[in-house]
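A.B. asks: Everything below, folded, please.
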Amino acid sequence: MMQRRAVNPWDWSLKLGYNQAELITGATRQLTCSGQTAVDARGHPQHPGDMRAQIGLALDNLAAILESAGMDLSHVTRLGIYATDVDEALKNFDLLGRRFGAVQNTPAMTLVGVTALAIPGLMFEIEATAHA
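C.D. replies: Predicted structure coming up:
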């Protein structure tokens with residue numbers, strides 16, 4: 001049975017909704033997700049200029065991948081987040097808090113500001129590692 005242990009030598013990151021690290025033992029499956037963005041089922045960008053809507057759809061797409069692998073957001077142990085406007089992304093991080101808070105998960109996380117993403121018009125991308 002998979003067990004997770006938060007590793008937080010300092011508690012400041014918990015106030016922001018993430019652990020410094022997570023020690024995973026007993027996992028039998030690992031899922032590595034590529035970056036998920038605000039695209040529809042055909043790969044067409046959605047919600048131009050709307051960071052909040054893009055974050056919401058990127059999270060929906062991540063959840064769909066996890067579900068297809070027999071997992072959910074509670075299995076995520078690490079997030080890599082890329083945003084073309086870090087301040088605007090942080091204003092909308094309550095969306096991540098709601099989704100991950102609902103499953104009581106605070107995975108390790110990195111947020112990186114970038115000048116552009118692979119598809120023009122996209123402003124937010126989230127990649128994940130999950131264990132079960």
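A.B. asks: from here on, contacts and neighbour counts on C-alpha atoms
C.D. replies: Will do.
A.B. asks: in the longest helix anywhere in the chain, what's buried?
C.D. replies: The longest helix of the chain (DSSP state H) is helix 51-68. For helix 51-68, a neighbour-count test (16 or more other Cα atoms under 10 Å) marks 51-63, 65-66 as buried.
A.B. asks: tell me the mean pLDDT for it?
C.D. replies: Helix 51-68 shows a mean pLDDT of 97.
A.B. asks: Which elements pack onto the next helix or strand after it?
C.D. replies: With elements assigned by DSSP states H and E, the helix or strand that comes after helix 51-68 is strand 76-83. Secondary structure elements in contact with strand 76-83, counted by 3 or more Cα pairs under 8 Å, 6 or more residues apart in numbering; DSSP states H and E, are strand 108-113, strand 124-131.
A.B. asks: I'd like to know which of these lies nearest to Cys33.
C.D. replies: strand 124-131 (5.2 Å; Cα to Cα).
A.B. asks: Not counting its own residues, what contacts the closest one?
C.D. replies: With Cα atoms under 8 Å, 6 or more residues apart in numbering as the contact definition, strand 124-131 has outside contacts at 2, 24, 27-38, 51, 54-55, 58-59, 62, 71, 75-84, 89, 117.
A.B. asks: Could you dump the helices and strands packed on strand 76-83 into a markdown table and include distance to Trp10, mean pLDDT and mean neighbour count?
C.D. replies: Listed next are those as a markdown table, based on distance: least, Cα to Cα, whole Å; pLDDT from 0 to 100; neighbours: other Cα atoms under 10 Å:
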| stretch | distance to Trp10 | mean pLDDT | mean neighbour count |
| --- | --- | --- | --- |
| strand 108-113 | 13 | 97 | 16 |
| strand 124-131 | 23 | 97 | 22 |
